[in-house]
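J.: Okay, sequence plus prediction incoming.
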Amino acid sequence: MNSKPLDLSARNAARARQAVLTKPPGSLGQLEELACRFAAWQGKSCPDPLRPAITVFAGDHGVTVEGVSAFPSAVTIEMVRNFANGGAAICVLARALDARLEVVDVGVAGDVSALPIVHAKVRDGSRNLAKESAMSADEVEAALEAGRAAARRAVEAGANLLIAGDMGIGNTTASAALICRLTGAAPEQVVGRGTGVDDVGLANKRRAVRTALARVAWENLSGLDTLAELGGLEIAAMAGFYLEGARLGVPSLVDGFIAGAAALCAKTMEPDLHDWLLASHRSAEAGHHLALEALQLQPLLDLGMRLGEGSGAALCVPLLQMAVRLHNEMATFAEAGISGKNE
């Protein structure tokens with residue numbers, strides 16, 4: 001499943017326009033190239049205004065029995081209810097952005113069938129990755145497809161910018177294991193405090209990740225295998241979401257630590273995927289910078305955030321909107337009757 005090629009002629013036309021806008025060349029810094037990237041993504045020298053769609057994927061993690069979280073697994077189902085009621089941070093941000101928001105249950109360990117969300121449950125939570133494969137091959141494929149289907153729904157509804165969010169107690173442990181395996185980094189570099197665990201909890205997380213990595217250390221795993229062994233249902237769904245967005249020619253704004261792990265997994269399946277990804281922010285969670293480096297992405301913001309839900313990505317949308325508007329609406333030197341740079 002290949003990514004759609006970028007429209008390089010549209011990008012070049014956008015760069016040519018940037019060169020004649022009423023400002024010193026390069027004076028808007030990264031905003032200039034961001035506008036040109038959207039030109040390449042949309043195939044238009046002047047991109048359309050951004051229409052973001054946010055999808056939050058929820059799933060539980062069997063590894064929580066190892067004492068890796070400051071909160072019980074029951075919080076996943078409680079937060080999904082909070083999403084449905086509009087009370088979570090991402091709900092506030094989606095309303096502020098007038099963005100489409102969808103919540104998808106791919107693996108919540110409990111009955112949420114009465115909630116007005118998308119029901120695509122593969123199983124009631126992943127297995128304990130410290131002891132066995134988190135998912136079977138069939139389960140990881142089903143979770144990937146749940147993410148692909150969500151991306152298709154968002155694009156069919158008119159989105160031209162995709163954001164994936166996450167909810168799942170224990171998912172920073174799974175994400176740390178994935179990042180360690182895919183970058184070669186040690187658990188001490190990647191495993192952070194997640195939900196705010198104390199020193200005992202941090203030691204438990206590192207031990208769980210080390211045990212999981214040792215379990216598969218001598219195996220030659222594909223990207224899909226790695227996701228099945230060490231990932232989680234909502235992480236797999238996010239990977240599918242990114243892959244389908246790139247296939248459809250719609251960029252994704254990648255959130256924080258869990259999103260970075262999902263994007264890394266997706267990139268192992270589609271090496272050109274990074275052409276369709278934009279990193280929103282640098283998470284305060286340890287090791288996120290290693291995922292960004294492996295993805296060849298530079299974050300737009302660094303606000304010390306580590307909430308997840310797609311919140312960091314959502315906060316970047318107004319910045320990106322301004323980059324596009326500046327590009328489209330500023331006058332050129334000729335239009336404004338202003339002399340250009342001295343020869």
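T.: Right, received. Where do you want to start? Everything quoted here is computed from the prediction, not taken from an experiment. Numbers count the residues shown, from 1 in each chain.
J.: What lies in contact with stretch 127-140?
T.: Under the contact criterion CB atoms under 8 Å, 6 or more residues apart in numbering, stretch 127-140 has outside partners 61-63, 65-66, 122-123, 126, 143, 173-174, 177, 208-209, 211-212, 215, 224, 227-233, 236. C-beta here means a position set from N, CA and C on the backbone, and glycine is covered the same way.
J.: Provide a ChimeraX selection command restricted to the buried entries of these.
T.: In ChimeraX, a selection of the buried entries from these looks like this (16 or more other CB atoms under 10 Å):
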select :61,62,63,66,122,123,126,143,173,174,177,208,209,211,212,215,224,227,228,229,230,231,232,233,236
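J.: Next step: the contacts of stretch 127-140 restricted to helices.
T.: 143, 173-174, 177, 208-209, 211-212, 215, 224, 227-230, 233, 236 (DSSP state H).
J.: Looking at those, which one is closest to residue 117?
T.: The nearest member of those to residue 117, counting by CB to CB, is residue 233 at 14.6 Å.
J.: Excluding chain neighbours, what is closest to the closest one?
T.: Using CB to CB, 6 or more residues apart in numbering and skipping residues adjacent in sequence, the residue nearest residue 233 is residue 107, 3.1 Å away.
J.: Quick one: neighbours of the one you found, just the number.
T.: Close neighbours of residue 107, defined as other CB atoms under 10 Å, add up to 31.
J.: Can I get stretch 98-111 in CSV, CA atoms only?
T.: Output of stretch 98-111 as CSV, limited to C-alpha atoms (Å, rounded to 0.1, in the frame of the first residue of the first chain):
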residue,chain,number,x,y,z
ASP,A,98,-14.4,23.4,14.5
ALA,A,99,-12.8,20.1,13.8
ARG,A,100,-14.5,16.7,13.2
LEU,A,101,-13.9,14.5,16.2
GLU,A,102,-14.4,10.7,16.2
VAL,A,103,-13.7,8.3,19.0
VAL,A,104,-13.0,4.6,18.0
ASP,A,105,-13.0,1.7,20.4
VAL,A,106,-10.5,-0.8,19.1
GLY,A,107,-9.6,-2.6,22.3
VAL,A,108,-11.2,-1.1,25.5
ALA,A,109,-11.4,-3.8,28.2
GLY,A,110,-15.1,-3.3,29.0
ASP,A,111,-18.5,-2.7,27.5
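J.: For it, list every residue counted as buried.
T.: Result for stretch 98-111 [16+ other CB under 10 Å]: buried residues 99-110.
J.: Pull the most distant pair out of those.
T.: Maximum pairwise distance in the buried residues of stretch 98-111, criterion CB to CB, is 28.2 Å, between 99 and 109.
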